[in-house]
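**Student:** need a structure here:
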Amino acid sequence: MILKIQCPAKVNLFLEVTGKRRDGYHLLQTIFAKINLFDSLEVESLETGPIQLTVEQGNGAVVPAGEDNLVFRAAAAFRKEFNVKAGVRLLLKKSIPVGAGLGGGSSDAAGTLVGMHRAFGPGATKKTKAQAMASMKKIAASLGADVPFFLQDEPFCLGQGIGERLKGLSVAKAPPYMILVYPGSAIPTAGVYKALNRPSRSDVLTRLSQLSTLSKKLGGGRPISEWDGLLFNRLEEAVLPAHPEVGQAKRILTQLGARGTLMSGSGSSVFGFVGSHEEGERVRTRLSNYPWQVFLTCCMG
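**Tutor:** This next block holds a predicted model:
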C-alpha cells in the first residue's frame, strides 16, 4: 500500500531573535503559521531492502535525492529508533521553493516521520502512540529547528528556544488570503544569522510586547486592520541590504495594496495579505511581469 502525505509550507508572522546559545544556535520567539502550499510525499513499505528516495522537482526547485536529503535522513533515523528492518520506497514531489524561508525541507522531514509511523506503526514498532510521538519529536529536533513544528497538529504555534519549544495558538478567525512571492534566490539560513547585528535588550523587550499583542489579536479573530502593523521579522535587517530583490518584492507588494507585507523566516520569500480571493488574483496578475514565483494562498485552519 502507498501512503500519501501532504507536507505544508509555513510563514513566520513574527520573528524576534532573543539571544544566542553557547553552541552557536540563535534563540528566538516566533509565530509559525502553516499555509496551503504543499510538497507531497508517497511512502511505500517493502518487505526488505534499503531506503529508496526519488525526488520530482517542481517550481524550479533542485533537491538532491541522496543521503543528505532530510527525507532520507528522517527515514533512516526512524528505522534506527523504531528498529524497523523493512525497506521503504519514498517519492517526494517538490512544489515549495527551496531556500525561501518556507520550511519545505523541514516539512518534508516531518511528513516522512508521520508516513513511516503509519506504514510501520504501533503494531510493528511495539510502542504506544504516546511513546511513538515522543520518539518522533526527539528525531525531529535532531533534524532541524523547524521540524518539530510540522509534527504539530495545530496550524498556528508560538515557538521559543531555537523554535522547538512550541505552544499551539488558537485563532478564532483565519487571516485573509495572502500573496506569497519567491524572488528566485535561495538564501542560506546560517549566513543570515551570521550577518545579523544583535538587537539591544530594550528593543527586544519592546518587540516581545508587540508579539504578545499580536497573539491576542490573532487569537481573538480581530480584523487585519488591528494587527497588520504588528507583524515583524528581525532577520529582514540582515537580508534586505544584501538581497535587494527581497526588498523590491516587499515594496511592490505593499504598493499593490497588500497589508502586513513581511519576509518569512530567513528569506527570501515575502508575503502580504489581501482582502479577498478576487483581489489576490488581481495582484497576482499584476505581478506576472516580474521574474518571480507568485502564489495565492492562505493560512491553514
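
**Student:** ok, Ser170 to Glu16 distance?
**Tutor:** 21 Å (Cβ to Cβ, to the nearest Å). C-beta coordinates here come from the backbone N, C-alpha and C atoms, glycine included.

**Student:** the two: who's more crowded?
**Tutor:** Glu16 (21 against 12; other Cβ atoms under 10 Å).

**Student:** hmm, that one is touching Leu235, no?
**Tutor:** No. Assessed by Cβ atoms under 8 Å, Glu16 is found out of contact with Leu235, at 9.5 Å.

**Student:** got any ranges where the stretch 1-150 of the chain has weak pLDDT?
**Tutor:** Counting by pLDDT under 70, the stretch 1-150 of the chain has low-confidence residues at 60-61, 122-126.

**Student:** quick one, helices of the protein?
**Tutor:** For the chain, the helices defined by DSSP state H cover 70-81, 104-120, 122-125, 129-143, 147-151, 189-195, 201-219, 236-239, 244-255, 277-286.

**Student:** who wins for proximity to Leu230 among those?
**Tutor:** helix 201-219 (4.0 Å; Cβ to Cβ).

**Student:** dump that closest one to CSV, keeping only the CA atoms.
**Tutor:** Extracted C-alpha coordinates of helix 201-219, given in CSV (Å, rounded to 0.1, in the frame of the first residue of the first chain):
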residue,chain,number,x,y,z
ARG,A,201,17.7,44.4,25.1
SER,A,202,15.3,47.3,25.3
ASP,A,203,14.4,46.8,21.6
VAL,A,204,13.9,43.0,22.1
LEU,A,205,11.6,43.7,25.1
THR,A,206,9.5,46.2,23.0
ARG,A,207,9.2,43.7,20.2
LEU,A,208,8.1,40.9,22.6
SER,A,209,5.4,43.1,23.9
GLN,A,210,4.3,43.6,20.3
LEU,A,211,4.3,39.8,19.9
SER,A,212,2.0,39.4,23.0
THR,A,213,-0.4,41.9,21.5
LEU,A,214,-0.3,40.2,18.1
SER,A,215,-1.0,36.8,19.6
LYS,A,216,-4.1,38.2,21.4
LYS,A,217,-5.4,39.9,18.3
LEU,A,218,-5.0,36.8,16.2
GLY,A,219,-6.4,34.6,18.9
